[in-house]
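> the sequence and its predicted three-dimensional model are supplied below.
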Amino acid sequence: MKAKNTGRSWDDYKEYVKAVDPESKKDMEEIESIASIVGAIVQQRNDMGISQRELASICGIPQSSVARIESYKTTPKLDTLLKIMQPLGLHLTVSK
């Protein structure tokens with residue numbers, strides 16, 4: 001059975017969920033923020049030609065931690081994010 005194309009995108013669905021459920025909106029926005037940060041880390045690491053193992057060594061954390069964060073298998077703690085971002089030249093800005 002082939003799925004019917006309704007013309008809706010994933011972004012359309014996310015916006016729908018955010019509009020109908022305030023708790024889901026909060027959760028979705030948090031997930032999107034974390035994904036944006038992790039995506040920037042992966043992009044910068046790749047742009048610099050640094051492997052996960054090399055980055056972990058520079059940061060003093062296990063390579064498995066970097067791998068779990070980059071594969072979205074764990075929600076990183078703020079201190080871990082900062083340890084990873086610093087050698088990559090990335091900065092975290094908090095705004096309201």
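Now that the structure is in, tell me what you want to look at.

> which elements pack onto the longest helix seen in the chain?
Scanning the chain for the longest helix, with DSSP state H as the assignment, gives helix 22-48. Here helix 22-48 is seen to pack against helix 10-20, helix 63-70, helix 78-88 when contacts are counted using 3 or more C-beta pairs under 8 Å, 6 or more residues apart in numbering; DSSP states H and E. All C-beta spots, glycine's among them, are computed from the backbone N, C-alpha and C.

> so it versus helix 78-88, what angle?
30 degrees (axes from the mean of the first three to the mean of the last three C-alpha atoms, to 10 degrees).

> quick one: average pLDDT of helix 22-48?
Taken as a whole, helix 22-48 carries a mean pLDDT of 92.

> what comes up buried for that helix?
Neighbour counts over helix 22-48 (16 or more other C-beta atoms under 10 Å) mark 37-38, 41-42, 44-45 as buried.

> need those in a markdown table with distance to residue 88, can you?
Shown next, in a markdown table, are the buried residues of helix 22-48 (distance: C-beta to C-beta, whole Å):
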| residue | distance to residue 88 |
| --- | --- |
| 37 | 11 |
| 38 | 12 |
| 41 | 6 |
| 42 | 10 |
| 44 | 4 |
| 45 | 6 |
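
> and those residues, which two are the farthest apart?
Spatially, the most separated pair among the buried residues of helix 22-48 is 37 and 45, at 12.7 Å (C-beta to C-beta).

> so what's the residue count around the residue nearest to residue 52 when sequence neighbours are not counted?
Nearest residue to residue 52, sequence neighbours excluded (C-beta to C-beta, 6 or more residues apart in numbering): residue 66, at 4.5 Å. For residue 66, the count of nearby residues is 24 (other C-beta atoms under 10 Å).
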